[in-house]
Every structure is written in C-alpha cells, then in structure tokens.
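[1] Generate a structure from the sequence data that follows.
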Amino acid sequence: WEERFTTIPGNKQREFQRTYALDPHKKLSATIKALKKQISEEAPKVATRKSSEMVLEVVNPFMTETVGGSADLTGSNNTKSGDMGTFDIDNRGGRYIYYGIREHGMAAAMNGMVLHGGVRAYGGTFMAFTDYARGAMRLSALMRIPTVYVMTHDSIGLGEDGPTHQPVEHLAISRATPNTYVFRPADTVETAESWEIALTSKETPSVLALSRQGLPTVRLEHKTKNLTAQGAYVLKDAEGKRQAIIIATGSEVSVALAARDILQAEGIGTRVVSMPCMELFAEQDERYRKRILPGGPVRVAVEAAVQMGWDRWLTGERGKANKAGFVGMDSFGASAPADVLFEKFGITAQAVADKVKSLL
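    Presented below is the predicted three-dimensional model:
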C-alpha cells in the first residue's frame, strides 16, 4: 500500500494526509470570513438551520472529506448541499446519506466513519430527538472524535408541532456531557463561526442547536475574528453607567437586544452578551471572563430552555444570587404559532426588562 501511495501525485498525497490528520483546509478560514462579511452587509432574516445550509454550500465543495446526512429530515435540517450527490448502491462517490428514521444508527455510523479516518461526518435531526442519538453522542465525546450533530428546531420556536417536538431540557443534557461543544448561534454570522470551529476540531464533537424560525442578523459590524471561539462576547455595551448585563443565546439574543432598548430608554445602562458556546467561554482565561461578566451589575439570562447549566454564569463568576435572574422555560411547551408561544411562556423583551428592574 505504501508503495502504491508513493506513485500518486504529490498534491493528492498531501490532501490525503491532511484529511487523515483532521487538519483544516487552507480555504476554510477565508471562505468563512467572506460569508460573514456578506451577511453583516446584507443583514438577512433567516432561520439558523438555513444559515447552516448557507455555510455548507460554500464549504462542502472544497472540503471533500465531509460526509453529510439526516435521519429522514433532510428538507427540515437543511443538511444537503448541492454538490454532494447521494451515497447509495449506484453511487459510491456520493457524500450524502439518507439514514432513515434511525437517529442512533446515524450517530453510530458517523462515529465509525470518523474513527476510520479521512472523513468529517455530520448528520441532522430535530433537537428533541437527541434522546434517540444520545448513546452514540456520548461516545463521540468519550472517544474524543469530532463528529458534528446538526440539531434543528431547537426550542418552542418551532411552533405547531408541539411539546413532543419542542426541546426544553436537551441543551442542558448536551452541555452536561464532558468534552462536547454545544453551539446555539444567534444568526448566520455566529452559525458560520460555529461551523468553522466544528470543522477544525480534532478531539471534541459539536452540537449545533439551530432554529426553525427566522432570526434577524445581530452581528451587523463585520469582524474577521471568530468571536464565537471565545464562547461569549459583548454584542452591545451599556450607554451610561452599566447597571445590568443580559446574557442570551440563539433566538433570544434579539430578545435581549430589544430588552436593552427598553431599559436604556429608562436610563438603565444595559450590556448584552451573546453566549453561543458556554464550553468555550469556560475555557477562556479569568481575565477575559471578568471583562465580559464583571461583578456589580445585575445579571439576567434569557434562553428558551430550562435554567440548568446557567447558574455558573448568573451566580458564579462574580455574580450574586440576589442580583441574578432567568427568563426561559420551566415546563414543556405547547402547540401554537411561535410568537404566541413566546408570549405565553413569558420569553419577551418586556419580560426580560421587567426581570432586570425587579433585581435593581
């Protein structure tokens, strides 16, 4: 085999060795930066599941080591890019697999491909169905392999499918798993940054929690730096004396920004922190974490999920229990349009603003 390998062209040898070493493609960083710049300028309102597809459309054509798939939800997960071709009995060159309704089988197969080498496997299903893939997802983390889980329909924001499909505890379950990056991006820019990290990781699997509903672009100022890699960052700072810090993820980042507008209009200086990846923020040094979450101001977190996992950022890290609050879910969801549900469950800009004022 080694003799045969030496007979192929040098560029093919290097590409083979790169994929087996899980080294990033030289085009990846520039491609992600270009997409981020385009999005910051155009500021589209799109679901982050669609944002994910936009990333895959520009990355998959040159990162030919990716093998995608979905557990019978391709049209909903947006996991297939136009260049991939379907892997089946007639096309062994295809890079997209229709797994059927087999979440655990899909996750286990992806682990096997990554363990074999030369492949970066990703697969999609609904966030609520991480329950079915759970055993293999845990093994990705345990075996230290960078399998990527594209989990869409990540909250009550999916609407009428109701509580059987609406995840409330699943972010906490994934975050509780050691050696796992859980990304919940707020817009296309953060989604692109999350994918860049997932596609360069060598020993840590990634869970991308993505929305069904359209979300506004919140990163309107282009930054070449991958801010998601820091786990959390200041999206918009307080005007005047800083009295409150609102921390949010995913679809609730725009809610936090609207709450800030309410509070600032009343003279309450409010910082908004986007926290797309708690695990990466925990890896930052104390100095950076203190800069983002200084002691003093009241802290309110907003996320359309249960509070478990948030206490470190609310009452730890220089926070205080009597100056901390949470706006989110403490029950299962319901079947109704997304905007009705957010109102019903009290995950609104006004509710966040009221929570802040109750703590001052």
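
[2] ok, the closest residue to residue 56 other than its chain neighbours to residue 314 distance?
    Leaving aside its chain neighbours, residue 56 sits nearest to residue 81 (4.4 Å; criterion: Cβ to Cβ, 6 or more residues apart in numbering). For the C-beta atoms, the positions are set from N, CA and C on the backbone; glycine is no exception. The spacing between residue 81 and residue 314, counted by Cβ to Cβ, to the nearest Å, is 39 Å.

[3] neighbour-wise, which of these two wins?
    Using other Cβ atoms under 10 Å, the more surrounded residue of residue 81 and residue 314 is residue 314, with 22 against 19.

[4] tell me the contacts of that one?
    When contacts are counted by Cβ atoms under 8 Å, 6 or more residues apart in numbering, residue 314 touches 247, 299, 301, 324-326.

[5] Least confident secondary structure element in the chain?
    Lowest by mean pLDDT, DSSP states H and E among the helices and strands of the chain is helix 2-7, with a mean of 94.

[6] following that one, which helix or strand shows up next?
    As assigned by DSSP states H and E, the chain's next helix or strand after helix 2-7 is helix 10-20.

[7] Show me what counts as buried in that following helix.
    With burial defined by 16 or more other Cβ atoms under 10 Å, the residues of helix 10-20 counted as buried are 15, 19.

[8] So which elements touch the helix or strand following it?
    Scanning forward in sequence from helix 10-20 by DSSP H and E, the next helix or strand is helix 28-42. Helix 28-42 sits against helix 48-59, helix 188-198, with contacts defined as 3 or more Cβ pairs under 8 Å, 6 or more residues apart in numbering; DSSP states H and E.

[9] So which of these is nearest residue 135?
    Of all the helices and strands packed on helix 28-42, helix 188-198 sits nearest to residue 135, with 20.7 Å by Cβ to Cβ.

[10] What lies in contact with the closest one?
    Helix 188-198 has contacts (Cβ under 8 Å, 6+ apart) with 28-29, 32, 35-36, 39-40, 44, 46, 48, 51-52, 54-56, 59, 122, 146, 148, 181, 183, 185, 206, 208, 210, 217-219, 226-229, 274, 276-277, 280.

[11] contacting residues around the closest residue to residue 231 other than its chain neighbours?
    Ranked by Cβ to Cβ, 6+ apart and with sequence neighbours excluded, the top spatial neighbour of residue 231 is residue 281, at 2.6 Å. Going by Cβ under 8 Å, 6+ apart, residue 281 touches 230-232, 275, 289, 292, 313.

[12] Give me the distance between residue 348 and residue 244.
    Residue 348 sits 16 Å away from residue 244, taking Cβ to Cβ as the criterion.

[13] which residues of the stretch 101-250 of the chain fall in strands?
    Secondary structure of the stretch 101-250 of the chain (DSSP state E, counting those that start in this stretch): strands at 120-126, 148-152, 181-183, 206-209, 233-236, 242-248.

[14] Report the strands that pair with the third one, each with its relative direction.
    So the one you mean is strand 181-183. Here strand 181-183 is paired, per DSSP bridges, with strand 206-209 (parallel).

[15] Next, report how far the strand it pairs with is displaced from the centre of its chain.
    The chain centre lies 5 Å from the centre of strand 206-209; the measure is Cα atoms, centre = their mean, to the nearest Å.

[16] Pick the most deeply packed of the helices and strands packed on helix 28-42.
    Highest mean neighbour count of these: helix 188-198, a mean of 27 (counted as mean count of other Cβ atoms under 10 Å).

[17] tilt between that one and helix 28-42?
    Interaxial angle, helix 188-198 versus helix 28-42 (axes from the mean of the first three to the mean of the last three Cα atoms, to 10 degrees): 170 degrees.

[18] How about the contacts made by residue 109?
    By Cβ under 8 Å, 6+ apart, the contact set of residue 109 is 97, 99, 121.

[19] Do you know the pLDDT at the residue nearest to residue 41 when sequence neighbours are not counted?
    Among residues not flanking residue 41 along the chain, residue 222 sits closest, at 7.3 Å (Cβ to Cβ, 6+ apart). Listed pLDDT for residue 222 reads 97.

[20] The residue nearest to residue 56 in helix, strand or coil?
    coil (DSSP: H, G, I helix; E, B strand; the rest coil).

[21] surely it meets residue 53?
    Yes - using Cβ atoms under 8 Å, residue 81 is in contact with residue 53, at 7.1 Å.

[22] So residue 339 versus residue 215, what's the distance?
    Relative to residue 215, residue 339 is positioned 13 Å away (Cβ to Cβ).

[23] Tell me which of the two has more neighbours.
    Taking other Cβ under 10 Å, residue 339 and residue 215 do not tie; residue 215 has more neighbours (26 against 12).
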